[in-house]
Structure formats: structure tokens, C-alpha cells
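*Asks:* Below is the sequence, then the predicted model.
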Amino acid sequence: MNLQFLGATDTVTGSKYLLWQDESAVLVDCGLFQGYKQLRLRNWSPLPVRPAAIDAVILTHAHIDHSGWLPLLVRNGFRGRILCTPATLDLCRILLPDSGHLQEEEANYANRFSTSKHKPALPLYTRADAIQCLKQFHAVPHGKAFRPVPAFNVRMSPSGHMPGSAFVQVDNGSRSVLFSGDIGRPNDMVLKPPVQMDGADYLCHFQKVTAPDNTV
């Protein structure tokens with residue numbers, strides 16, 4: 001099992017983790033870089049892997065810094081399933097088209113007031129791109145084991161961060177990796193607390209991993 005960080009390194013935004021083994025590749029989260037301009041510019045850079053070579057995407061939750069690059073991934077050739085909890089799917093149906101609309105509004109503003117060096121300024125992606133990517137979403141309940149590819153067994157467990165958010169545990173039969181996503185509070189007045197996880201060989205939390213290099 002190999003792990004490569006494609007985002008959320010030196011920052012906590014733009015989360016993308018690529019897991020691969022043999023001929024199979026799975027992306028955990030596919031988020032936009034947000035914040036400072038030098039971070040946002042990374043959204044325009046292609047991934048070091050062809051989107052068509054990725055077999056599946058698994059989302060920890062719906063926030064745009066974890067899901068907002070999906071319209072580009074699909075537009076650039078990804079044809080696999082996007083797997084998440086039912087509540088995450090419901091929220092992405094709202095957040096992703098809205099993100100595409102905002103991208104279009106920003107481009108329109110730049111063209112109207114000549115605030116960009118690009119002529120014309122283009123949106124990173126459109127609302128239509130976001131709606132298209134939603135066709136590849138598939139909901140999986142918390143606690144149900146599934147195999148996005150034959151090499152990996154996956155289970156999502158409640159992380160308490162927002163409705164539908166999940167810890168994602170990936171097991172290849174000999175080693176396991178746990179992706180925390182974002183973790184909620186133990187005593188929230190609305191959301192249930194994060195479940196206690198049994199453990200894993202490696203833990204990915206924000207930009208940090210407990211392995212000495214990027215291969216696990």
C-alpha cells in the first residue's frame with residue numbers, strides 16, 4: 001500500500017490523499033485550496049496522476065476544502081464512483097453547485113472590472129460542472145464495509161465534525177490507514193460525538209502522518 005499527499009501539506013486546506021496498490025488507485029478527499037492567493041493558485045495545477053487512472057474517491061465530509069475539486073476531477077477525465085455517507089451526499093448537492101456558481105461570479109466580476117490579467121478570466125469550474133460530478137456520487141452508510149477496489153476494504157465511522165462526516169479506515173489485509181478528516185467536539189449540543197476508533201497502523205490527520213516518509 002502506498003500513500004501520496006496531493007494536498008493539505010504545509011496547510012490544512014486542499015485535502016487530497018492518493019492510495020494505490022498494484023493497479024488500483026483511490027483518492028481520499030478531493031478538496032479546494034482556500035485562503036491566501038498562493039494557495040488558491042494551486043487549484044489550477046494538474047494532479048500528478050491522471051484523473052482517469054483513479055478508480056474511486058472517498059469523502060470524509062462535504063466541506064469545500066475536502067470536496068470542492070471534484071467538479072474539476074470529473075471534467076478532466078475521472079469516471080469512477082465518489083463514495084460518501086448519505087448526509088455528505090445531501091450536503092454536496094447544495095455546496096458543490098453553489099461553489100461552481102461562485103467561481104462563475106468571480107470570473108464575471110474580473111471581466112467586468114478588468115481585475116485579472118487573463119483576458120477573459122475564466123471560472124475554475126462552473127455550476128454545470130458541479131452538477132455533472134454529482135451523477136457519480138454513491139452513498140454508503142456509516143459502519144458498512146465496502147470495497148471501492150478489490151485491494152482495499154473501507155469502513156466509515158462518525159467523526160462528529162458535521163452531518164455525515166466520517167473517519168475513513170482503509171485496510172488491505174495486512175496494514176490499515178485511518179483518515180481523520182476533521183474531528184468534532186465530544187460534547188456538542190447538536191452533533192453526536194466522534195466514535196472511538198479501535199486503531200490503525202497509520203493515522204493521517206490534516207497534513208501529518210505517523211510514517212517517516214510518504215510510503216506506507
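*Replies:* Yes, it's here.
*Asks:* State the distance from the spatially most central residue of the chain to Pro186.
*Replies:* With distances taken as C-alpha atoms, centre = their mean, the residue of the chain nearest its centroid is Asp29 (1.8 Å). Between Asp29 and Pro186 the distance is 23 Å, computed by C-beta to C-beta, to the nearest Å. For glycine as for every other residue, the C-beta is placed from the backbone atoms N, C-alpha and C.
*Asks:* Assign Arg93 to helix, strand or coil.
*Replies:* Assigned with DSSP: H, G, I helix; E, B strand; the rest coil, Arg93 falls in the helix class.
*Asks:* Look at the closest residue to it other than its chain neighbours and tell me its secondary structure.
*Replies:* The shortest distance from Arg93 to any residue other than its chain neighbours is 6.0 Å, reached at Leu134 (C-beta to C-beta, 6 or more residues apart in numbering). Of the three states, Leu134 takes helix under three-state DSSP.
*Asks:* Distance check, Leu134 against Thr115.
*Replies:* Distance from Leu134 to Thr115, by C-beta to C-beta: 31 Å.
*Asks:* Of those two, which one has the most company?
*Replies:* Legend: neighbour count by other C-beta atoms under 10 Å for Leu134 and Thr115, higher for Leu134 (16 against 10).
*Asks:* Would you agree the more buried one is in contact with Ile94?
*Replies:* No - at 10.4 Å, Leu134 does not count as touching Ile94 under the criterion of C-beta atoms under 8 Å.
*Asks:* what sits against Pro193?
*Replies:* Neighbour list for Pro193: Gly160, Gly184, Arg185, Pro186, Asn187 [criterion: C-beta atoms under 8 Å, 6 or more residues apart in numbering].
*Asks:* okay but the third one is in contact with Gly160, surely?
*Replies:* Okay, so that is Arg185. Yes - taking C-beta under 8 Å as the definition, Arg185 is a contact partner of Gly160 at 6.8 Å.
*Asks:* any residues in contact with both of those two?
*Replies:* Residues touching both Arg185 and Gly160 (C-beta under 8 Å, 6+ apart) are Leu191, Pro193.
*Asks:* the more surrounded of the two?
*Replies:* Legend: neighbour count by other C-beta under 10 Å for Arg185 and Gly160, higher for Gly160 (19 against 11).
*Asks:* ok, for that one, nearest residue in space, not its chain neighbours?
*Replies:* In space, and not counting its chain neighbours, Gly160 is closest to Gly184: 2.8 Å by C-beta to C-beta, 6+ apart.
*Asks:* Could you give the number of residues near the one you found?
*Replies:* 19.
*Asks:* so what's the backbone phi/psi at it?
*Replies:* Main-chain torsions, Gly184, degrees, to the nearest 10: phi -80, psi -180.
*Asks:* That one and Ala62, how far apart?
*Replies:* Taken as C-beta to C-beta, the span from Gly184 to Ala62 is 14 Å.
*Asks:* Quick check: neighbours shared by those two?
*Replies:* Common neighbours of Gly184 and Ala62 (C-beta under 8 Å, 6+ apart) are Met162, Ser165.
*Asks:* I'm done for today, thanks for sticking with me.
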